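A.B. asks: Have a look; sequence and predicted model below, questions after that.
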Protein chains: 2
Amino acid sequence: MIVYGRNPVLEALRGKRRVTRAWASEHAAREDWLAAASPEIADDSELEALCESPDHQGVCAEAGDYPYADSAELLSADDALVICLDQVQDPQNLGAVCRVADAAGAAGVVIGERRSAHVTPAVCKASAGAVEHLDVAIARNLADYLATAKESGAWVYGATADAATRYDEPDYNGRVVLVLGAEGKGLRPRVADTCDALISLPMRGRIDSLNVSAAAAALIYGILRSRE
Amino acid sequence: MIVYGRNPVLEALRGKRRVTRAWASEHAAREDWLAAASPEIADDSELEALCESPDHQGVCAEAGDYPYADSAELLSADDALVICLDQVQDPQNLGAVCRVADAAGAAGVVIGERRSAHVTPAVCKASAGAVEHLDVAIARNLADYLATAKESGAWVYGATADAATRYDEPDYNGRVVLVLGAEGKGLRPRVADTCDALISLPMRGRIDSLNVSAAAAALIYGILRSRE
């Protein structure tokens, strides 16, 4: 996979994948942090062709396939917080949620196998490289994963716009799974039914929704705060 | 200004601007919500040329200039929450912050006159139309605006990554101004110096930062929660 952009390449060099080759513009190649990767010089059009994107910021690298984590292992710690995304297809949103999950110290992010964005170079970029450190796992069937999580002692909270329980009411101690759906669609019925409780953020505006990454930020930090 | 995209056009029709003309693809023109705007049929390339963007989702409209609010009036309510952005230049971030501010019921968003994204069609799109209802104001000089806000009884909190005060410690009752800086740059010294207090979100990940819109979501909902 060709990872591109300053933060994504920097974090790939520090992270869990092997970086086998790197390219940089003459300007970017002078930066200290890139020296260990011995970048080959490439001009803008070569970089854009390699990355299939204009958003390379003068640098890209060949890293191995993204090493997905084991979804069951994410819940091993007795205070693990795991974020699940139900059919979120926009790479920007997956990347942004991964960045928030990493910043907040979540154990990882679980995505479904089908109709879901997986970790692509655009996701690496949108996450500012957070996916190189955060555990991201694929569940064949998200509702089944949630059921298994409950059996292992986790409490599963689904975020829906119309839930009667406010997000700041539950006691979030112990293993917690937070499930978010795609904007406009929300959670699929079977996923929502599998949750222990549905929670919502107060909505006081004229536009009655939040982007999934903004909702994730508010909810994840809200959960952290309730734990302490 | 040509506003484009489904939500931006829908909210422009409901909002504070006069919409004088609309265009839609044959498909989009059949939708009920657009009927009142009597859209002219346009094909994809015509729409893209009108919008100067491929992100039109089959619909755009000519609306008047964006009607900025008066920055001083945003603080008139005795529990007003105002979000200030210090030199945030990315339209996506301005739009996303406006969307969160609207959803959380903030009084408005204040941006600086220079080196700051103003409300463009891309911002309307990124806000999902929230700017049509939310008050957005321009301050000639943001530090001066904050000083005036303090004189009017507001408490001014600046978000910085290294602030010793955690965001959930202050009492946020009364008039509150929250100031956020651009990613990677943070607040300018004079802006930070003008704040009553600097606050931070806990950072527990390997990537030690959040996107400004994610930070805004976590902080704004955190402030709401502390008020109740």
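C.D. replies: Everything's here; your move.
A.B. asks: Pull the number of nearby residues for A:Ala77.
C.D. replies: When neighbours are defined as other Cβ atoms under 10 Å in any protein chain shown, A:Ala77 has 11 of them. (Glycine included, C-beta is placed from N, CA and C.)
A.B. asks: which one in chain A is furthest away from the centre?
C.D. replies: Counting by Cα atoms, centre = their mean, the extreme residue of chain A relative to its mean C-alpha position is A:Glu26, 31.9 Å from that point.
A.B. asks: Spatially, what comes nearest to that residue if we skip its sequence neighbours?
C.D. replies: Computed as Cβ to Cβ, 6 or more residues apart in numbering or on different chains, the closest residue to A:Glu26 that is not its neighbour in sequence is A:Ile41, at 5.7 Å.
A.B. asks: How about the secondary structure of A:His27?
C.D. replies: Taken by DSSP: H, G, I helix; E, B strand; the rest coil, the conformation at A:His27 corresponds to helix.
A.B. asks: Just the pLDDT for it.
C.D. replies: A:His27 carries a pLDDT value of 94.
A.B. asks: do A:Ala164 as well
C.D. replies: 93.
A.B. asks: try A:Ser71
C.D. replies: In the prediction, the pLDDT value recorded for A:Ser71 is 96.
A.B. asks: And for A:Glu11?
C.D. replies: If you check A:Glu11, the pLDDT there is 95.
A.B. asks: Mind listing the residues bridging to A:Ala182?
C.D. replies: Counting by DSSP bridges, A:Ala182 forms beta bridges with A:Gly186.
A.B. asks: What residues does it make contact with?
C.D. replies: By Cβ atoms under 8 Å, 6 or more residues apart in numbering or on different chains, the residues touching A:Ala182 are A:Leu85, A:Asp86, A:Gln87, A:Val88, A:Gln89, A:Asp90, A:Asn93, A:Val212.
A.B. asks: pretty sure the residue nearest to A:Glu26 is in contact with A:Ala29, am I right?
C.D. replies: Yes - in this structure, A:Ile41 is within contact of A:Ala29 by Cβ atoms under 8 Å, at 5.8 Å.
A.B. asks: of these two, who's got more company?
C.D. replies: A side-by-side neighbour count of A:Ile41 and A:Ala29, using other Cβ under 10 Å, places A:Ala29 first with 19 against 12.
A.B. asks: thinking again about what came up before, pull out the buried members of the contacts of A:Ala182.
C.D. replies: Burial of the contacts of A:Ala182 was assessed by neighbour count (16 or more other Cβ atoms under 10 Å in any protein chain shown); the buried members are A:Leu85, A:Asp86, A:Gln87, A:Val88, A:Asp90, A:Asn93, A:Val212.
A.B. asks: Present the residues you listed as TSV; the columns should include distance to chain B and secondary structure.
C.D. replies: Written out in TSV, the entries for the buried ones among the contacts of A:Ala182 read as follows (distance: Cβ to the nearest Cβ, whole Å; DSSP: H, G, I helix; E, B strand; the rest coil):
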residue	distance to chain B	secondary structure
A:Leu85	15	strand
A:Asp86	19	strand
A:Gln87	19	coil
A:Val88	15	coil
A:Asp90	13	coil
A:Asn93	11	helix
A:Val212	11	helix
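A.B. asks: Among those residues, which pair sits farthest apart?
C.D. replies: Comparing every pair within these by Cβ to Cβ identifies A:Asp86 and A:Asp90 as the most remote, at 13.1 Å.
A.B. asks: which ones are touching A:Ala80?
C.D. replies: For A:Ala80, the contacting residues are A:Leu74, A:Ala107, A:Ala154, A:Arg175, A:Val176, by Cβ under 8 Å, 6+ apart.
A.B. asks: List the backbone torsions phi and psi for it.
C.D. replies: Here is the backbone geometry of A:Ala80 (degrees, to the nearest 10): phi -60, psi 140.
A.B. asks: could you measure it against chain B, distance?
C.D. replies: If you measure A:Ala80 against chain B using Cβ to the nearest Cβ, to the nearest Å, the figure is 13 Å.
A.B. asks: A:Glu48 too?
C.D. replies: For A:Glu48 relative to chain B (Cβ to the nearest Cβ), the value is 18 Å.
A.B. asks: Check A:Val131 too.
C.D. replies: Shown here: A:Val131 relative to chain B, a distance of 9 Å by Cβ to the nearest Cβ.
A.B. asks: Repeat that for A:Ser53.
C.D. replies: A:Ser53 sits 15 Å away from chain B, taking Cβ to the nearest Cβ as the criterion.
A.B. asks: Could you do A:Ser209 as well?
C.D. replies: The gap separating A:Ser209 from chain B is 7 Å, by Cβ to the nearest Cβ.
A.B. asks: just A:Ala122 next, same as before
C.D. replies: From A:Ala122 across to chain B, the span is 14 Å (Cβ to the nearest Cβ).
A.B. asks: mind listing what that residue touches?
C.D. replies: Under the criterion of Cβ under 8 Å, 6+ apart, the contact partners of A:Ala122 comprise A:Ser53, A:Pro91, A:Gln92, A:Gly95.
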